[in-house]
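Visitor: coords below, sequence missing:
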């Protein structure tokens with residue numbers, strides 16, 4: 001019986017709404033068309049966009065090796081775009097809806113955020129090349 005339960009629990013954990021695996025699925029569904037399958041900004045529509053889509057694999061490198069979790073979530077959720085227009089990046093309501101998850105914002109306090117938004121940010125962190133040397137909220 002345990003041979004059935006443990007794999008099932010591992011599968012559920014890997015597909016949890018806030019997991020990098022769920023973020024990978026959202027990325028494939030919404031972001032690949034512009035950012036490409038590897039996140040380097042070379043998707044099928046990239047050549048038609050001005051400015052060109054960002055290379056998402058270099059977010060941490062552009063910040064001296066630091067992974068900026070909240071900054072990334074703020075870009076992905078479209079909050080800043082509503083007030084600072086200037087890119088063709090669409091706002092996806094799916095990223096800011098659904099169940100909420102709690103995460104440490106870096107100051108010892110826990111904050112609740114939509115699981116899809118947190119999942120896609122966690123997935124983008126896995127794309128970093130080179131990997132981040134430290135993280136900030």
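Guide: That came in fine, so what should we check first? Quick caveat, the model's predicted, so the values are computed rather than measured.
Visitor: contacts only, for the nearest residue to residue 49 once chain neighbours are set aside.
Guide: Leaving aside its chain neighbours, residue 49 sits nearest to residue 88 (5.2 Å; criterion: CB to CB, 6 or more residues apart in numbering). Yep, even glycine has a C-beta here, placed from its N, CA and C like the rest. By CB atoms under 8 Å, 6 or more residues apart in numbering, the residues touching residue 88 are 34, 49-51.
Visitor: try residue 32
Guide: residue 43.
Visitor: what's the spacing between it and residue 128?
Guide: 17 Å (CB to CB, to the nearest Å).
Visitor: let's see which of the contacts of residue 88 end up in helices.
Guide: residue 34 (DSSP state H).
Visitor: and residue 119, how many residues sit next to it?
Guide: Neighbourhood size, residue 119 [other CB atoms under 10 Å]: 26.
Visitor: quick one: it from residue 25, how far?
Guide: Counting by CB to CB - residue 119 and residue 25 are separated by 8 Å.
Visitor: any idea of the pLDDT on the residue nearest to residue 49?
Guide: Note for residue 88: predicted pLDDT of 76.
Visitor: where does it land in three-state SS?
Guide: coil (DSSP: H, G, I helix; E, B strand; the rest coil).
Visitor: okay, it and residue 30: tell me how far apart.
Guide: Residue 88 is 14 Å from residue 30, by CB to CB.
Visitor: picking up where we left off before, widest-spaced pair of the contacts of residue 88?
Guide: The span of these, defined through CB to CB, is set by 34 and 50 at 12.0 Å.
Visitor: which of the two has more neighbours?
Guide: Taking other CB under 10 Å, residue 34 and residue 50 do not tie; residue 34 has more neighbours (20 against 7).
Visitor: surely that one and residue 45 touch.
Guide: Yes - contact criterion CB atoms under 8 Å: residue 34 and residue 45 qualify, at 5.2 Å.
Visitor: quick check, residue 130 in a strand?
Guide: No - using three-state DSSP, the assignment for residue 130 is coil, not a strand.
Visitor: pLDDT score assigned to it?
Guide: 97.
Visitor: which residue comes closest to it once chain neighbours are left out?
Guide: residue 61 (6.4 Å).
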